[in-house]
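*Asks:* Provided below are the primary sequence and the corresponding predicted coordinates.
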Amino acid sequence: MREIFKRIEGEEEVNIEVYLDAKEHSEFKPWIFSVFIKYDSFNDSEDGLDAFFETKESLIIALELDEKTVYVGNRLVGEWSELYFYSEDSKGLEANTANVLKPTKYVYQANVVKDSDWEFFQYNIFPSDLELCLMQSKKIVEHLEDEGDKISSPREVEHYASFETPTQKDRFVKNACEQGFEFKDDISGDDIEHGVALVKTHNVTMDELENVITPLIKLIQAENGEYELWSTTLQDEDN
C-alpha cells in the first residue's frame, strides 16, 4: 500500500510516497537502486504530469518484473523526483532503466549501492511514528468531513495508548494529566493488555491534531508505549 506525506528537511519541504509494506521484502534485497528524474524535464501542465506519472509507473513495472526488485518510495526534492528500489542483484538495473527512460526527454541519473540494513529507507522514506499517526488521522478527519462533521468545532476527543507494564501506563497517565489530558478508562483486549483512554477537548483540524498528538507521542515513547490513535463523536450542524 502506497501512502503520501510531507516532511520538512532543513528549510525544504519534501513530498514522500512510501510503500508501507516494503520491509516485508527486506531480507534478501540488500541493494538500493535510485533513479533521479529532473523536474525541468517536464512542465506542470496536466498533460506533462500525466506523461511523467505514466513513465514512473512504467519504470516501476519494468524493474519489478522479475520479482528480484521492489519499489519502496519516491521523494520529490527541489528539481528532482527520486525513485528508490531495493533488489537482490545489482546487475541489469541501470540497463532496464535506460530502456524505459532513454526514449523519453527526461534528464535522469541512476545509482546502485549496498544497503543491507535498509537504513536509507528507514530514515529517509519511511514515516516516523508521528508522521504515521498524522497520516492515519487524516483519513479519520476525511471520513468525519464526508459525514458532515464541523471539524473546527471543539469537542471531547479520546486518545488511546498501550504499554508493556502497568507501571509504565501509570507514569504516562500522571504525566499526561499534568499536560491537560484527563483519565477516562483502562483498556484491555486481544492485542492490548495495559491500555488507557485519555480525554481532551479540542477541534480535529489537522493543525490542532498535530499540536495535540506531538507532545502526547513523546510522553508515550518515554514509557516505551504505543499510540493507538483517537476517536470522537460527530459534530454536525445539529450539535
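*Replies:* It's in.

*Asks:* residues touching residue 86, list them.
*Replies:* Contacts here follow Cβ atoms under 8 Å, 6 or more residues apart in numbering; on that basis residue 86 touches 22, 25-26, 29-33, 69-70, 72, 115, 118, 121. For every residue, glycine as well, the C-beta is placed using N, CA and C.

*Asks:* closest to residue 157 among the residues you listed?
*Replies:* residue 22 (31.8 Å; Cβ to Cβ).

*Asks:* what about the closest one, neighbour count?
*Replies:* By other Cβ atoms under 10 Å, the residues close to residue 22 number 22.

*Asks:* What is the burial count for the nearest residue in space to it that is not next to it in sequence?
*Replies:* What sits nearest to residue 22 in space, not counting adjacent residues and going by Cβ to Cβ, 6 or more residues apart in numbering, is residue 72, at 4.2 Å. The local packing of residue 72 (other Cβ under 10 Å) involves 27 other residues.

*Asks:* again with the one 3 residues further on
*Replies:* Burial measure for residue 75: 20 neighbouring residues, criterion other Cβ under 10 Å.

*Asks:* quick revisit: now name the helix or strand holding the residue nearest to residue 22.
*Replies:* strand 69-77 (DSSP states H and E).

*Asks:* And the residue nearest to residue 22, how far from residue 149?
*Replies:* Using Cβ to Cβ, to the nearest Å, residue 72 is found at 35 Å from residue 149.

*Asks:* what do you get for residue 22?
*Replies:* Between residue 22 and residue 149 the computed distance is 33 Å (Cβ to Cβ).

*Asks:* How about residue 162?
*Replies:* The value you get for residue 162 to residue 149, if Cβ to Cβ is used, is 26 Å.

*Asks:* what bits of the chain have low per-residue confidence?
*Replies:* Within the chain, the stretches with pLDDT under 70 are 40-48, 237-239.

*Asks:* again, only this time at 90
*Replies:* By pLDDT under 90, the low-scoring segments of the chain are 1, 10-11, 23-28, 38-53, 66-67, 78-79, 104-105, 188-193, 235-239.

*Asks:* where do the helices sit along it?
*Replies:* 46-64, 93-101, 119-120, 129-146, 166-177, 206-222 (DSSP state H).

*Asks:* Show me what counts as buried in the longest one.
*Replies:* It stands for helix 46-64. 51-52, 55-56, 59-60, 63 (16 or more other Cβ atoms under 10 Å).

*Asks:* quick check: angle from that helix to strand 69-77?
*Replies:* Here the directions of helix 46-64 and strand 69-77 differ by 150 degrees (axes from the mean of the first three to the mean of the last three Cα atoms, to 10 degrees).

*Asks:* And the contacts of helix 46-64?
*Replies:* Counting by Cβ under 8 Å, 6+ apart, 33, 35, 37, 42, 69-71, 74, 81, 83, 85, 87, 93, 96-97, 99-101, 104, 106 sit against helix 46-64.
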